[in-house]
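> Next comes the sequence, and after it the predicted model I'd like to discuss.
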Amino acid sequence: MNNTTSLNWSAFKAALLQNPGLELQFQYAENKWVDASYHITEIKQTPITSVDCGGVMNNWTEVIVQLWEPADGQQERAMKVDKALSIINVVEKLLPLDANATVKIEFGNSEFDTRQMYPNEITVSGDNLLVDLRPDTVQCKAISRGGSCGTTATGEECCTPAIEKSKVELKNLAVAAESCCTPGGGCC
């Protein structure tokens, strides 16, 4: 994958291991925080294989940590980092997670559409380990490699500006049809 700002699983887990006694908080938008009653509902690992528009095969792995806010579970303090680590240990006993996999956090609530976001920055603030989440952007891998997005059937690049087509004169076929295709007119 071509995202140079993403954290891999090893770096994400290391940040947690360095701060086991802190409360783990996630910011999903400017001044918007995942409610303190959140749960880590699952951790997924998915290998991605794709062919981009330039005809190049790409492979990477993602580890996706899913957060859920219960509707009625308001509490004042967020999950401690060591509790998150205990969930990770349960997962890793059954599913060895790729240390080099890109980390994404999956979250949504009634005010924010569910999406997968990158941990942009992880900082310590008092008794909190704050994970700032930011969405990914769509990218063209071929262009980012300095190439093109492939070619058309005639060999032209598909991402070049469109050639202006000549204008076609339209004729009013209703008027033309009136003169020859009337009942009894003999055109059929």
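Sure thing, it's come through.
> Would you map the helices across this structure?
Along the chain, counting by DSSP state H, helices occupy 9-17, 81-94, 141-144, 173-180.
> I'd like the mean pLDDT over the last one, please.
The reference is to helix 173-180. Average pLDDT, helix 173-180: 58.
> Over to the longest one?
When pLDDT is averaged over helix 81-94, the result is 97.
> just the CA coordinates of it, formatted as PDB?
Output of helix 81-94 as PDB, limited to C-alpha atoms (Å, rounded to 0.1, in the frame of the first residue of the first chain):
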ATOM      1  CA  VAL A  81      -4.500   0.100  27.900                       C
ATOM      2  CA  ASP A  82      -3.700  -3.100  29.800                       C
ATOM      3  CA  LYS A  83      -7.300  -4.300  29.200                       C
ATOM      4  CA  ALA A  84      -6.800  -3.600  25.500                       C
ATOM      5  CA  LEU A  85      -3.600  -5.600  25.600                       C
ATOM      6  CA  SER A  86      -5.400  -8.500  27.300                       C
ATOM      7  CA  ILE A  87      -7.900  -8.600  24.400                       C
ATOM      8  CA  ILE A  88      -4.900  -8.400  21.900                       C
ATOM      9  CA  ASN A  89      -3.300 -11.400  23.700                       C
ATOM     10  CA  VAL A  90      -6.500 -13.500  23.400                       C
ATOM     11  CA  VAL A  91      -6.600 -12.700  19.700                       C
ATOM     12  CA  GLU A  92      -2.900 -13.400  19.100                       C
ATOM     13  CA  LYS A  93      -3.200 -16.800  20.700                       C
ATOM     14  CA  LEU A  94      -5.600 -17.800  17.900                       C
END
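> Show me what it is packed against.
helix 9-17, strand 23-29, strand 39-51 (3 or more CB pairs under 8 Å, 6 or more residues apart in numbering; DSSP states H and E). C-betas here are computed from N, CA, C, even on glycine.
> what residues does it touch?
Applying CB atoms under 8 Å, 6 or more residues apart in numbering, the external contacts of helix 81-94 come out as 13, 16-17, 19-24, 40, 43, 97, 129.
> and that helix with strand 39-51, angle?
Orientation check (axes from the mean of the first three to the mean of the last three CA atoms, to 10 degrees): helix 81-94 against strand 39-51 gives 50 degrees.
> where does the chain have its least confident helix or strand?
Sorted by mean pLDDT, DSSP states H and E, the helices and strands of the chain end with helix 173-180, the least confident at a mean of 58.
> just to revisit the earlier point, tell me the buried residues within the contacts of helix 81-94.
The neighbour count (16 or more other CB atoms under 10 Å) marks 13, 16, 19, 22-24, 40, 43, 97, 129 as buried among the contacts of helix 81-94.
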